[in-house]
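1. kindly return the folded structure for what I paste below:
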Amino acid sequence: EFRRAIQYAVDREAVATLAFHGHMSPGSTLVPPYSEYHWDPPTDVEYTFDPEKAEAMLETAGCRDSDGDGFRETRQGGPLTLRLYVATEIAADIAAAKLVTGWLNDIGLKVRLETLDPGALVSSIWNYKGSTFAPDFDMMLYYWTFFYDPQTVLSLLTPDQIGAWSDTSWTDPTYTRLFIRQSKELDQ
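-> Next comes the predicted model:
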């Protein structure tokens, strides 16, 4: 619910217009809009810019501003500060990260924006404590080059890619089942 709330707090159209000066199309799925394999989610499940919905979802998730300072705390009442990392190499990404930071602040999420050189960003993604894989970030704004066949980019959210190609180290059992099903489907 927390992750989904963040999705509703981001105005993708404004990112396209303000950060990228209209030279990009907002994405709604892992497969970009210019691909013949792109799928547009139905409007009832598409993430739109809806800060009020984001705030309601955070309330439901138990993240409330219990001390009245304008920022939400964890469900347990502790401080909640998210680290948003962005690489220094692309000015439009930095502009986008600043916009995202503002929108998240607007819904009561304290965000510490950090610009990192690309090596440091990658190091935080594939961080290890001894021999244990231990990613060290909360959020990042980074990019992927898309391959013609969507199989590679779709595989990124499967458990086999955690510690390998997955930048996010996030997975979902339902998604994984659907990924395996589509991998075996012959009818495009």
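
2. make it CA atoms for all contacts and neighbour counts henceforth
-> OK.

3. and the closest residue to residue 116 other than its chain neighbours, how many neighbours does it have?
-> What sits nearest to residue 116 in space, not counting adjacent residues and going by C-alpha to C-alpha, 6 or more residues apart in numbering, is residue 87, at 4.9 Å. The tally of other residues near residue 87 (other C-alpha atoms under 10 Å) stands at 22.

4. do residue 33 as well
-> Other residues near residue 33 come to 16 when the count uses other C-alpha under 10 Å.

5. so what's it up against?
-> Residues near residue 33 by C-alpha atoms under 8 Å, 6 or more residues apart in numbering: 25-27, 39.

6. now which of these would you call buried?
-> residue 26 (16 or more other C-alpha atoms under 10 Å).

7. give me the lowest-pLDDT entry from the contacts of residue 33.
-> In terms of pLDDT, residue 27 ranks lowest among those, with 83.

8. once you drop chain neighbours, what's closest to that one?
-> residue 33 (6.3 Å).

9. please, which helix or strand holds the one you found?
-> For residue 33, there is no enclosing helix or strand under DSSP states H and E.

10. how close does it get to residue 64?
-> Applying C-alpha to C-alpha, to the nearest Å, the value for residue 33 to residue 64 is 36 Å.

11. ranges for the helices of the protein?
-> If DSSP state H is used as the criterion, the helices of the chain fall at 2-9, 12-14, 51-60, 91-106, 118-125, 151-155, 173-184.

12. in a markdown table: the ones you listed, plus mean pLDDT, mean neighbour count and distance to residue 81.
-> Shown next, in a markdown table, are the helices of the chain (pLDDT from 0 to 100; neighbours: other C-alpha atoms under 10 Å; distance: least, C-alpha to C-alpha, whole Å):
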| stretch | mean pLDDT | mean neighbour count | distance to residue 81 |
| --- | --- | --- | --- |
| helix 2-9 | 96 | 19 | 13 |
| helix 12-14 | 97 | 18 | 23 |
| helix 51-60 | 98 | 18 | 14 |
| helix 91-106 | 97 | 19 | 10 |
| helix 118-125 | 94 | 16 | 17 |
| helix 151-155 | 91 | 16 | 29 |
| helix 173-184 | 95 | 12 | 28 |
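
13. same list, those, but as a markdown table with distance to residue 44 please.
-> Formatted as a markdown table, those follow (distance: least, C-alpha to C-alpha, whole Å):
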| stretch | distance to residue 44 |
| --- | --- |
| helix 2-9 | 13 |
| helix 12-14 | 17 |
| helix 51-60 | 13 |
| helix 91-106 | 22 |
| helix 118-125 | 32 |
| helix 151-155 | 22 |
| helix 173-184 | 19 |
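
14. chain center to stretch 85-96: distance?
-> 14 Å (C-alpha atoms, centre = their mean, to the nearest Å).

15. ends of that stretch, how far apart?
-> 11 Å.

16. just stretch 181-188 next, same as before
-> Termini of stretch 181-188 sit 12 Å apart (C-alpha to C-alpha).
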